[in-house]
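[1] Here is a sequence together with a model predicted from it:
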Amino acid sequence: MAEKTDHFAPDRAQLMSLYRGLLDLYGEQSWWPADSPFEVAVGAVLTQNTSWSNVERAIDRLKETDTLDCDAILSLPTGQLAELIRPAGYYNLKAQRLRNLCDYLRSIGGLDALSRLPPSQAREGLLGVKGVGPETADDILLFGLDVPVFVIDAYTRRLLQRQGMARGDEPYEVLREGFEQALPAEPDLFKEYHALIVEHAKQACRKRALCAKCGLDPSCPKITAS
DNA sequence: TACCAGGAGAAAA
DNA sequence: TTTTCTCATGGT
């Protein structure tokens, strides 16, 4: 039996071929759907294990009540914040997580101050917030602050497995570093790549019954550059 | 009715 | 150290 290793070192041509294949299939996605870096940060927390349509509802409710900013969120009782974001699910948990994130941002002087930190330091700071894991932190850095970090999510893992490029269960950092070392450090490329992977998951694997195991299902097509 | 979604952290094994 | 459990609404 082959030993299980956590190696992931794709070459640039391989990843760019996959990227072009996705781009040919789905066209430009131009993410993230948000009006400000702070809205990206809030959306990144709210979308944890949650469909974006539900997140939009919650963000709309924050906008309607003029509470989509750090100070407003921190001034709300946690129960009231939870009620506002209820459509996003896990609302008690996420209300506390949003407060934790806002506490941190306020302590360092806001997102502007975060963007002025060395990227590795900004990432460590975000990861120190209870409720902000690697994917959420990288969403904020890439889509909110234009830091070239590659976001790994469940769809990315599934696609890599389907393409035969990785097992899919490698540690987050192994996969992230694999992408970042192979690709040019361009935020726009990383954003579009991630958005295309999500779009692929939605379009190609729309049948729910198949989606859970789509990494192994032939109905989820392999991507090839035209 | 049952399953799943743009995770993360705590608890159990 | 690895696996399992918890958190929850809304669409299909």
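    Received it, and whenever you're ready, just let me know what you need. Note that the structure is a prediction, hence the values are computed from the model and not measured.
[2] Phi first, then psi, for A:Glu192.
    According to degrees, to the nearest 10, the main-chain angles of A:Glu192 amount to phi -70, psi -40.
[3] Quickly note the distance from the residue of chain A found nearest DNA strand B to A:Ile140.
    In chain A, no residue comes nearer to DNA strand B than A:Gly133, which is 2.2 Å away by C-beta to the nearest atom of the strand. Where C-beta positions appear, they are placed from N, C-alpha and C, glycine not excepted. With the distance defined as C-beta to C-beta, to the nearest Å, A:Gly133 ends up 11 Å from A:Ile140.
[4] what's the helix or strand for the closest residue to A:Cys70 other than its chain neighbours?
    On the basis of C-beta to C-beta, 6 or more residues apart in numbering, the spatially nearest residue to A:Cys70 that is not a chain neighbour turns out to be A:Cys102, at 4.4 Å. A:Cys102 is located in helix A:91-108, with elements delineated by DSSP states H and E.
[5] just to revisit the earlier point, looking at A:Gly133 and A:Ile140, which has the bigger crowd around it?
    Set A:Gly133 next to A:Ile140 and count neighbours by other C-beta atoms under 10 Å: A:Ile140 wins out with 31 against 13.
[6] List the residues that contact the more buried one.
    Contacts for A:Ile140 (C-beta atoms under 8 Å, 6 or more residues apart in numbering) come out as A:Pro37, A:Val40, A:Ala41, A:Ala44, A:Leu126, A:Val132.
[7] so what's it scoring on pLDDT?
    On pLDDT, A:Ile140 comes in at 98.
[8] Ok, A:Pro218 next?
    Each residue has a pLDDT score; the one for A:Pro218 is 40.
[9] Can you point out the buried residues in the helix holding A:Cys102?
    Across helix A:91-108, burial judged by 16 or more other C-beta atoms under 10 Å covers A:Tyr91, A:Lys94, A:Ala95, A:Arg97, A:Leu98, A:Arg99, A:Asn100, A:Leu101, A:Cys102, A:Tyr104, A:Leu105.
[10] Of those, just say which sits nearest to A:Arg158.
    Of all the buried residues of helix A:91-108, the one with the least separation from A:Arg158 (C-beta to C-beta) is A:Lys94, at 24.3 Å.
[11] Roughly how far does the closest one sit from A:Asp71?
    Taken as C-beta to C-beta, the spacing of A:Lys94 relative to A:Asp71 amounts to 19 Å.
[12] can you tell me which residues contact the nearest residue to A:Arg97 once chain neighbours are set aside?
    On the basis of C-beta to C-beta, 6+ apart, the spatially nearest residue to A:Arg97 that is not a chain neighbour turns out to be A:Gly131, at 3.0 Å. By C-beta under 8 Å, 6+ apart, the contact list for A:Gly131 reads A:Val45, A:Leu93, A:Lys94, A:Gln96, A:Arg97, A:Asn100, A:Leu101.
[13] tell me the secondary structure for A:Gly131?
    What DSSP: H, G, I helix; E, B strand; the rest coil gives for A:Gly131 is coil.
[14] Could you tell me the per-residue confidence at it?
    A:Gly131 is assigned a predicted lDDT (pLDDT) of 98.
[15] returning to that earlier point: ok, then the element right after the helix holding A:Cys102?
    With DSSP H and E, the next secondary element past helix A:91-108 is helix A:111-116.
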